[in-house]
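> got a structure for you, letters missing:
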């Protein structure tokens, strides 16, 4: 099976895509949550959970026929930041204007630090979980089924 690496891009043949799809199905059937790598001496090396999750996402993308992996830059455009946070660009700009999300101007363009955007994303996810837990507690207390 030929895998060609050119300027950081990996091209794979159809057979490898099919193997990825089969592995994804087998992992789901077994509720797999972690990867391990067989070292040269035969000892398994466990892969950290975050890396395992990343690898599974890559395999799922490859199984569908397409995947792109890229490191996040230090600064993001407002369009990319909005996509990462899961809001529209106008909503993201409201967060910038309110001071909830720090930014800097480069000419007429707004740039956001990736760390700040990821921290906002994490806070919003935490807030959503807390709201869901509070709603669940209310449901248990007052019960809609009663």
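In hand now; what should we look at? Bear in mind that the values here come from a model prediction, so they are computed numbers and not experimental data.

> Okay, now the unreliable bits of this structure?
1-8, 32, 144-146 (pLDDT under 70).

> Next, name the residue at the spatial heart of it.
In the chain, the residue lying closest to the centroid (C-alpha atoms, centre = their mean) is residue 54, at 7.6 Å.

> what residues are up against it?
By C-beta atoms under 8 Å, 6 or more residues apart in numbering, residue 54 lies in contact with nothing. Where C-beta positions appear, they are placed from N, C-alpha and C, glycine not excepted.

> Run through the neighbouring helices and strands of the helix or strand that contains residue 130.
If you go by DSSP states H and E, residue 130 is part of helix 114-142. If contacts are counted by 3 or more C-beta pairs under 8 Å, 6 or more residues apart in numbering; DSSP states H and E, helix 114-142 sits against strand 75-77, helix 78-85.

> Could you list the buried residues of the helix or strand following the longest one?
Meaning helix 78-85. The first helix or strand that comes after helix 78-85 along the chain, using DSSP H and E, is helix 89-98. Within helix 89-98, the residues that count as buried by 16 or more other C-beta atoms under 10 Å are 92-93, 95-96.

> Nearest to residue 34 among the residues you listed?
Distance to residue 34, by C-beta to C-beta, is smallest for residue 92 among the buried residues of helix 89-98, at 34.3 Å.

> Would you enumerate the residues in contact with the closest residue to that closest one other than its chain neighbours?
With sequence-adjacent residues excluded and distances taken as C-beta to C-beta, 6 or more residues apart in numbering, residue 92 is closest to residue 82, at 4.1 Å. Neighbouring residues of residue 82 by C-beta under 8 Å, 6+ apart: 88-89, 91-92.
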